[in-house]
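Engineer: predicted coordinates and the sequence they were generated for:
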Amino acid sequence: MTLTRADRAYIPREALGIMTARTLANSHSCLLGMLRPGLDVLDVGCGPGTLTIEVARRALPGRVVGLDVNPEMLSAAREAEPPGGLPNLRFLEGDIRDGGWEDEFDLVNAARVLQWIPDAPRALEPMVAATRPGGRLVALDYDHTRAHWAESPVSWRHFYGAFLEWRAAGHLDNAIIQHLPEDFAAAGLDDVQTVEHVRTVRANEADFYRIAGMWRLAAESRGRQMVAAGALTDREREAVVADYTDWMQRPGAAVTVHEGCVIGRRPGAGHP
């Protein structure tokens, strides 16, 4: 099965509410600790721009570019810019694999993006090229094989197994965060390190609906793509959405996600 670029880049409009609830503090603390005024930053796969805008505020007067292949997300990002805009911020439509930057950024970030690129190691090459010598490349992503839902319905377990199989058939890496450190080293980066983030959120916690709700949207939107690919029936998709919605109301509901932040430095002078 071949997933087109449009398939991989697709994000339902309904996801915006959850994605725009993200902050660097609650969803990318690794990047937050690296930012300082004056850094030039490329944000690959910027989506609706929520984190990119926060990066631009923290990096002023440094130049910040948000890059995404999804025009709908870029439209939302431009709408989200503060009145008058940030003078250091620009959003561009494009695929990082097409390259075009050489030694331009102190920091290149890709958050939850490489999991949707079938040739993720190749995507690292233009990201490294865009980074100045001494600059850093940061990738935040998942290990989908280790996610866990407490007391989850049978329909959800069936769906999630089919979801992993569907991704694998499309040559997407379900455990990409386990492989990125080696890919970083192969791309020529030094000082490669991984910061693991394992988080469990429960039904009575503030972030539960943001994190668990994203998976409900996955069943809605990616589920439709899976139906089109023959990996799921539409009746199964409808059932899992209903069952998962009910599950989210249960007192014992909890989800554990495994993420990791991989950081590498491009060899050369300078230490941004």
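Structural biologist: On my side now, so go ahead. Numbering: from 1, shown residues only.
Engineer: from here on, just use CA atoms for contacts and neighbour counts.
Structural biologist: Noted.
Engineer: Phe91: how many residues sit nearby?
Structural biologist: Neighbourhood size, Phe91 [other C-alpha atoms under 10 Å]: 22.
Engineer: grab the nearest non-local neighbour of it.
Structural biologist: Spatial nearest neighbour of Phe91, chain neighbours left out: Gly66 (4.6 Å); criterion: C-alpha to C-alpha, 6 or more residues apart in numbering.
Engineer: how about that neighbour, what does it touch?
Structural biologist: Listed by C-alpha atoms under 8 Å, 6 or more residues apart in numbering, the contact set of Gly66 reads 42-46, 49, 52, 89-92.
Engineer: can you do 10 Å?
Structural biologist: Neighbour list for Gly66: 41-49, 51-53, 55-56, 74, 77, 89-94, 109 [criterion: C-alpha atoms under 10 Å, 6 or more residues apart in numbering].
Engineer: assumed it was part of a strand.
Structural biologist: Yes. Counting by DSSP: H, G, I helix; E, B strand; the rest coil, Gly66 is located in a strand.
Engineer: low-confidence stretches in the stretch 101-250 of the chain?
Structural biologist: Counting by pLDDT under 70, the stretch 101-250 of the chain contains no low-confidence residues.
Engineer: ok so, going back, tell me the pLDDT of the residue nearest to Phe91.
Structural biologist: Reported pLDDT at Gly66 in the predicted model: 97.
Engineer: now the one helix or strand Ala218 maps to: buried residues?
Structural biologist: Element membership for Ala218, per DSSP states H and E: helix 208-229. Residues of helix 208-229 classed as buried by neighbour count (16 or more other C-alpha atoms under 10 Å): 208-226.
Engineer: output it as CSV, restricted to C-alpha atoms.
Structural biologist: Taking C-alpha atoms only, helix 208-229 is exported to CSV below (Å, rounded to 0.1, in the frame of the first residue of the first chain):
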residue,chain,number,x,y,z
PHE,A,208,-6.4,13.9,29.5
TYR,A,209,-8.9,15.2,26.9
ARG,A,210,-6.1,16.9,24.9
ILE,A,211,-4.0,13.7,24.7
ALA,A,212,-6.7,11.0,24.7
GLY,A,213,-8.8,13.2,22.4
MET,A,214,-6.1,13.2,19.7
TRP,A,215,-6.5,9.5,19.4
ARG,A,216,-10.2,9.8,19.1
LEU,A,217,-9.5,12.1,16.1
ALA,A,218,-7.1,9.5,14.7
ALA,A,219,-9.9,7.0,14.7
GLU,A,220,-12.1,9.5,12.9
SER,A,221,-9.7,10.8,10.3
ARG,A,222,-7.0,8.2,9.9
GLY,A,223,-9.7,5.6,10.3
ARG,A,224,-11.3,6.9,7.1
GLN,A,225,-8.0,6.5,5.3
MET,A,226,-7.8,3.0,6.6
VAL,A,227,-11.2,2.2,5.3
ALA,A,228,-10.2,3.5,1.9
ALA,A,229,-7.2,1.2,2.0
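Engineer: no further queries at this time; thank you.
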